[in-house]
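Participant: What shape does this take:
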Amino acid sequence: MLEAKNLTKRYGKHTALNNLNLTIKPGEIFALLGQNGAGKTTTINLFLGFIEPSEGWASIDGVSVVEHPQQIKQYLAYIPETVMLYPNLTGIENLEYFSSLAGFDYSKKELGKLLSTAGLQPQAFEQRLGGYSKGMRQKVGIAIAVAKKAKVLLLDEPTSGLDPKASNEFSEILKTLAAKGTAILMATHDIFRAKEVATRIGIMKEGNLESVLHACDISANELEALYLKTV
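Facilitator: All right, here's what the predicted structure looks like:
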């Protein structure tokens, strides 16, 4: 569903991402670990088409990101560290607006069901987003991804700043989406959350993907030790 082939991004003499080769299948959660500047966000931005590669290519569902930037947008949803929604609109109004942009026309009952599926409490549906916690905004973002019927979900530090309960709820929602066939690429600093939620984990350093391992093959403590040794 997501594929990178020799994907490279340079800014002058600085190489932000070096020769990345990566494939993520439907239903798989791939977590990218690494320090700031390791290349995680650059990878996400290349798949989103926010920046163009210096070499190599990225594709989503077999479609080139560079050659078909508008087409790939129908396949994916993006949740950054801070979800940018309209604070003066309610949760349900935000969902209605963004799903309509994607060409969907849901009834109010259907919108409510989507928000409930994402874990938002019904009493929050009609509250303005400006009063939401970060975890609540993330849930609206997830609801938008589900409403768009996105095949791919790209996440950049999605659990940063969430309390343990909200972070755990978010992880469970990701697992549910993956079980339904969504391919998920998540950039994170959270070693233990990556171990808990991911199918595979990649460790990046200075633009290079240094290690890729199956989450089931390593303990959280072993992953932490490998991470610290790598970075």
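Participant: Helices along this structure, start to end?
Facilitator: Counting by DSSP state H, one finds helices in the chain at the ranges 40-48, 69-73, 91-101, 108-117, 134-147, 164-179, 191-197, 220-230.
Participant: what's the average pLDDT for the longest one?
Facilitator: So that's helix 164-179. Computed over helix 164-179, the mean pLDDT rounds to 86.
Participant: which residues are contacting that helix?
Facilitator: Contact partners of helix 164-179, identified using Cβ atoms under 8 Å, 6 or more residues apart in numbering, comprise 27-29, 118-119, 133-135, 138-139, 142, 145-146, 153, 155, 158-159, 162, 184, 186, 190, 193, 196-197, 199. Where C-beta positions appear, they are placed from N, C-alpha and C, glycine not excepted.
Participant: now do 6 Å
Facilitator: Here helix 164-179 makes contact (Cβ atoms under 6 Å, 6 or more residues apart in numbering) with 27, 29, 119, 135, 138, 142, 159, 184, 196-197.
Participant: gap between V212 and F98?
Facilitator: Here the distance between V212 and F98 works out to 33 Å (Cβ to Cβ, to the nearest Å).
Participant: quick one on the thing from earlier: now the helices of the chain in TSV, with mean neighbour count and distance to T82?
Facilitator: Shown next, in TSV, are those (neighbours: other Cβ atoms under 10 Å; distance: least, Cβ to Cβ, whole Å):
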stretch	mean neighbour count	distance to T82
helix 40-48	23	13
helix 69-73	14	20
helix 91-101	20	14
helix 108-117	17	19
helix 134-147	24	8
helix 164-179	17	14
helix 191-197	20	18
helix 220-230	14	25
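Participant: Relative to N6, which of the ones you listed is closest?
Facilitator: In terms of Cβ to Cβ, the element of the helices of the chain nearest to N6 is helix 40-48, at 11.9 Å.
Participant: quick revisit: any chance of the helices of the chain in CSV, plus distance to Y11?
Facilitator: As requested, those are exported to CSV (distance: least, Cβ to Cβ, whole Å):
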stretch, distance to Y11
helix 40-48, 9
helix 69-73, 20
helix 91-101, 31
helix 108-117, 39
helix 134-147, 29
helix 164-179, 31
helix 191-197, 27
helix 220-230, 23
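Participant: And those helices: which comes nearest G207?
Facilitator: Judging the helices of the chain by Cβ to Cβ, what sits closest to G207 is helix 40-48, at 7.5 Å.
Participant: hmm, who's touching that closest one?
Facilitator: Defining contact as Cβ under 6 Å, 6+ apart, one finds that helix 40-48 is touched by 9, 16-17, 32, 34, 51, 53, 58, 78, 154, 156, 187, 204.
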